[in-house]
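> quick one, structure for this:
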Amino acid sequence: MKDYENLPYRPCVGIMLVNAKGLVFIGRRFGGGPEHVDNTHSWQMPQGGVDEGEDTYKAALRELYEETNVRSVKKLGASKGWLKYDIPRTIVGQAWKGKYRGQKQKWYALRFTGKDSEIDVEHPGSGHKPEFNEWRWEKVEGLTDLIIPFKQDVYGRVIEELGKYAKPVK
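Next up is the predicted model:
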C-alpha cells in the first residue's frame, strides 16, 4: 500500500433527495463496513462511485436507483465542486482494498416527485444488493448528527451549499 498521503481520492457522487415537505431521505447502512462506529452514526444519504468516463449526474441517478429504487426526481442543484473526506488511517487497508485515502464527491440535490411506495431499499433497482436496511425522511438540520463522524464536515458543506433546496413545495 502507498503512503496514506499519496493515495488518491475515490470519485463518487452523493444525493440529497428532498421530498415535497422539505425533508431529506436517509438510509441506515447494513452492517456499515469497517467505518461503522455505532448505531447512531449509521445513517447517510445515498452515495456511490462514478464509473470511468461516466457523467456525474448520470452516476447520481444510477446510484440513487441502485440504492433506493427511486427514479421519480427533478434536479434542483449541484455542489460547486468536489467535496473530499479522508477515511481514518486505521481502516485504509480494509476499505476499497487500500487503493484510496477517502472520497471526493460531487453532490446533487434532487426533488423526489414520486410516492413513498416507490422507495424500496430492500429490493433496489437493477437487482443491486441492498445497502440500507431501513430509511426515513429527516429534517436537514438533524443530518450531521446521524452521520459517521469522519463524514460530518462534508455533510456540513453539503447542507451549506444545497440545504436551501430542503424546503416544502408551495
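
> ok, longest helix in the chain?
Longest helix of the chain, by residue count under DSSP state H: helix 56-68.

> residue 93 belongs to a helix?
No. Under DSSP: H, G, I helix; E, B strand; the rest coil, residue 93 falls outside any helix and is assigned coil.

> which phi and psi does it have?
phi -70, psi -20 (degrees, to the nearest 10).

> what stretches of the protein score poorly on pLDDT?
1-2, 31-38 (pLDDT under 70).

> related to what we said a few turns ago, what lies in contact with the longest helix of the chain?
Contacts to helix 56-68, defined as Cβ atoms under 8 Å, 6 or more residues apart in numbering, come from residues 13-15, 17, 25, 27, 46-51, 54, 70-71, 73, 75, 78, 106, 108, 110, 119-121, 124-126, 128, 131-132, 135. To be clear about C-beta, it is placed using only N, CA and C from the backbone, and glycine gets the same treatment.

> out of those residues, which end up buried?
13-15, 17, 25, 27, 46-50, 70, 73, 78, 106, 108, 110, 119, 121, 124, 128, 131-132, 135 (16 or more other Cβ atoms under 10 Å).

> out of those, which are inside strands?
Using DSSP state E, 13-15, 17, 25, 27, 47-49, 73, 78, 106, 108, 110, 132, 135 are the members of these that sit in strands.

> return the member of those residues nearest to residue 142.
residue 25 (13.0 Å; Cβ to Cβ).

> what's across from the closest one in the sheet?
Going by DSSP bridges, residue 25 is paired in beta bridges with residue 137.

> thinking it is in contact with residue 116, fair?
No. The criterion here is Cβ atoms under 8 Å, and residue 25 misses it with residue 116 at 9.9 Å.
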